[in-house]
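**Student:** Fold the following.
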Amino acid sequence: MADHPGAFATAVFIAVLTLAPAPAGASPVIIRDDLSGVRSFNPCTGEDMTITDGTLQFVINRSGDASGGFHVQVRGAAQGVVAPGT
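**Tutor:** Residues are numbered from 1 along each chain as shown. Now for the predicted structure:
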C-alpha cells in the first residue's frame, strides 16, 4: 500500500458499490487505513515526503428511500498525518 496511496480510495469506492441499502438507523461503515510509509512528491517544494504517522478514515452511510432509491454518503478525513520532507 505504501507505494499506491490511491489503492485505498479505490477499495473504498468498490466497497460502496457493493453495499446493499441499509435499514433506517443502521450504523455507518467505518474504514481506517494507517498511512505510515506512504511516499509522495510535493510539487510546491520539490521534495519527496514519507508519511511517518497518521490515519485516513472514511465513514460511509447508506440508506434506501420509499421509492426504491439508494443513497450513499462518504466522508473522508486524514487524522494526525505527519509527513516531513527529505
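**Student:** C-terminal to the lowest-mean-pLDDT helix or strand in the chain, which secondary structure element comes first?
**Tutor:** Scoring the helices and strands of the chain by mean pLDDT, DSSP states H and E places helix 6-18 at the bottom, with a mean of 64. Next helix or strand after helix 6-18 toward the C-terminus (DSSP states H and E): strand 29-34.
**Student:** And that following strand, what's buried?
**Tutor:** Using 16 or more other Cβ atoms under 10 Å as the test for burial, strand 29-34 gives Val29, Ile31, Asp33. No exception for glycine: its C-beta is placed from N, CA and C like everyone else's.
**Student:** For that strand, what does the pLDDT average out to?
**Tutor:** Averaged across strand 29-34, the pLDDT comes to 88.
**Student:** partner strands of that strand, parallel or antiparallel?
**Tutor:** strand 53-64 (antiparallel) (DSSP bridges).
**Student:** The buried residues of strand 29-34 into a markdown table, with extra columns for distance to Asn61?
**Tutor:** Below are those laid out as a markdown table (distance: Cβ to Cβ, whole Å):
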| residue | distance to Asn61 |
| --- | --- |
| Val29 | 8 |
| Ile31 | 12 |
| Asp33 | 19 |
